[in-house]
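*Asks:* Return atomic coordinates for the entry below.
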Amino acid sequence: MQNRHKSSNGTLKKEEFEKILQDVIIGTGLTGVGAKDTLIYIFGVPLTALFLKQSLMPHSVPNEYFLPGITSATVFILAKLNKI
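*Replies:* Now for the predicted structure:
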């Protein structure tokens, strides 16, 4: 990766930030389908479960325990399936 920050005053312009972010994403390999699927599962499954819980039984389990539990279970299943 090359240095794309050209300003001498210390501020980062929007175009420079976009180029830097693009370099980071391409350089780290976050452009694959697997990475996108993993992010969707890690964030999507807990949010979907939270919405279902809130609509069906909002007071059964506190959200402070429910969200970390669902997220941990999702990561565990992804690890067992060799997705992450």
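
*Asks:* ok now stretch 18-29, how far from the chain's centre?
*Replies:* Computed by CA atoms, centre = their mean, to the nearest Å, the chain-centroid distance of stretch 18-29 equals 16 Å.

*Asks:* Ok, stretch 35-42 next?
*Replies:* For stretch 35-42 - counting by CA atoms, centre = their mean - the centre lies 7 Å from the chain centre.

*Asks:* Buried residues of that stretch, list them for me.
*Replies:* 38, 41 (16 or more other CB atoms under 10 Å). For glycine as for every other residue, the C-beta is placed from the backbone atoms N, C-alpha and C.

*Asks:* Counting neighbours, what do you get for Thr74?
*Replies:* Thr74: 19 surrounding residues under other CB atoms under 10 Å.

*Asks:* where's it relative to His59, distance?
*Replies:* 23 Å (CB to CB, to the nearest Å).

*Asks:* Outline the domain layout of this structure.
*Replies:* Listed domain ranges for the chain are 1-31, 32-84 (source: automatic domain parsing).

*Asks:* Show the contacting residues for Glu40.
*Replies:* Not Glu; residue 40 is Ile. Residues near Ile40 by CB atoms under 8 Å, 6 or more residues apart in numbering: none.

*Asks:* Grab the CA positions of the lengthiest helix in the chain and hand them over as PDB.
*Replies:* With secondary structure taken from DSSP state H, the chain has its longest helix at helix 33-56. Provided in PDB are the C-alpha atoms of helix 33-56 (Å, rounded to 0.1, in the frame of the first residue of the first chain):
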ATOM      1  CA  VAL A  33     -18.000 -13.400  -0.500                       C
ATOM      2  CA  GLY A  34     -17.000 -15.300   2.600                       C
ATOM      3  CA  ALA A  35     -16.100 -12.100   4.500                       C
ATOM      4  CA  LYS A  36     -19.400 -10.500   3.500                       C
ATOM      5  CA  ASP A  37     -21.400 -13.600   4.600                       C
ATOM      6  CA  THR A  38     -19.600 -13.700   7.900                       C
ATOM      7  CA  LEU A  39     -20.400 -10.000   8.600                       C
ATOM      8  CA  ILE A  40     -24.000 -10.500   7.600                       C
ATOM      9  CA  TYR A  41     -24.300 -13.600  10.000                       C
ATOM     10  CA  ILE A  42     -22.500 -12.000  12.900                       C
ATOM     11  CA  PHE A  43     -24.600  -8.800  12.800                       C
ATOM     12  CA  GLY A  44     -27.800 -10.000  11.000                       C
ATOM     13  CA  VAL A  45     -28.600 -13.100  13.100                       C
ATOM     14  CA  PRO A  46     -28.500 -11.300  16.500                       C
ATOM     15  CA  LEU A  47     -30.500  -8.300  15.200                       C
ATOM     16  CA  THR A  48     -33.100 -10.600  13.700                       C
ATOM     17  CA  ALA A  49     -33.300 -12.600  16.900                       C
ATOM     18  CA  LEU A  50     -33.700  -9.400  18.900                       C
ATOM     19  CA  PHE A  51     -36.500  -8.200  16.700                       C
ATOM     20  CA  LEU A  52     -38.300 -11.500  17.000                       C
ATOM     21  CA  LYS A  53     -37.800 -11.600  20.800                       C
ATOM     22  CA  GLN A  54     -39.000  -8.100  21.200                       C
ATOM     23  CA  SER A  55     -42.200  -8.800  19.200                       C
ATOM     24  CA  LEU A  56     -43.000 -12.300  20.800                       C
END
